[in-house]
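S.K.: any chance you could fold what I've pasted below:
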Amino acid sequence: MLHSILQVWGGAFYLLQKIFLSAAERSGQQWQRRWRIWSWIVYLIGLPAWVAIFASPDNRNWIAAAVETAGAPSMLVGLIIALRGHGHQPRWLDHLAKVMIVIGLGFSLYDFGGITTINQVCELALAAGFLGGTYLLAIQRPAGYLWFMLMNAANAVLMLRQDYFWLTIQQLASLAFIIDAYRVQRKKIVAQ
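M.R.: Numbering: from 1, shown residues only. Below is the predicted model:
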């Protein structure tokens, strides 16, 4: 029952984040800022559920759990930038995120005796996509969407392998919204 609640909680809020990012790309300047603020808020709300799912004793997805935790500073940077604009984000948040990545990778290597499972490979791809995408989107760089595509695809495979069907579907739906946001954003750049 708890895993079902966590799936709905984490999946719904992370999907909302992707929907809001897509809406931001489709909006004018004023609404774009509002959609970005809401996208970072719902991302932070969904974070605890994902950390709990990844860190559960059944899954032992230590890399993903640590990376999700490390992503919180990048999410906060994104929210601060959406609220205040560039140049007002604290530098220490970036440093904290990097330390958490190293801790998660180290714990996973220790727990599994190296990179020994397909799930760990999925986690590494998820980690790269999550951190790269979150950071680049926080500083409003279009390449963040490409990294999010990698994250959603890797996480869909990981969730499918661990029988989280709701989260697999959510990851695929998120991927569709990220592709849409990227396409709209690229059209805007070409039109300029």
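S.K.: which strand or helix spans Val42?
M.R.: Element membership of Val42 [criterion: DSSP states H and E] is helix 29-55.
S.K.: hey, which helix or strand in this structure has the poorest pLDDT?
M.R.: Sorting the helices and strands of the chain by mean pLDDT, DSSP states H and E puts helix 92-112 at the bottom, at a mean of 70.
S.K.: next structured bit after that one?
M.R.: Moving toward the C-terminus from helix 92-112, the next helix or strand (DSSP H and E) is helix 118-138.
S.K.: residue nearest the centroid of the chain?
M.R.: The centroid of the chain falls nearest to Phe130 when counting by CA atoms, centre = their mean (4.4 Å).
S.K.: any stretches of this protein with poor pLDDT?
M.R.: The model of the chain has pLDDT under 70 over residues 86-90, 93-94, 97-98, 100-101, 104-105, 108.
S.K.: just to revisit the earlier point, packing partners for the following helix or strand past the helix holding Val42?
M.R.: Remark: after helix 29-55, the chain's next helix or strand is helix 62-84, criterion DSSP H and E. Contacts defined by 3 or more CB pairs under 8 Å, 6 or more residues apart in numbering; DSSP states H and E place helix 62-84 against helix 29-55, helix 92-112, helix 118-138. Quick note: C-beta positions are derived from backbone N, CA and C, even for glycine.
S.K.: out of these, flag the one nearest Ala72.
M.R.: Comparing these by their distance to Ala72 (CB to CB), the top pick is helix 29-55, with 6.0 Å.
S.K.: elements contacting that closest one?
M.R.: If contacts are counted by 3+ CB pairs under 8 Å, 6+ apart, helix 29-55 sits against helix 2-25, helix 62-84.
S.K.: to Leu158, which of the ones you listed lies closest?
M.R.: Judged by CB to CB, the one of the helices and strands packed on helix 29-55 that comes nearest to Leu158 is helix 62-84, at 7.3 Å.
S.K.: does Ala181 sit in a helix, a strand or a coil?
M.R.: helix (DSSP: H, G, I helix; E, B strand; the rest coil).
S.K.: how deep is it tucked in, by neighbour count?
M.R.: As a burial measure, Ala181 scores 25 neighbours (other CB atoms under 10 Å).
S.K.: list the contacts for it?
M.R.: Ala181 makes contact with 18, 21-22, 24-25, 145 under the criterion CB atoms under 8 Å, 6 or more residues apart in numbering.
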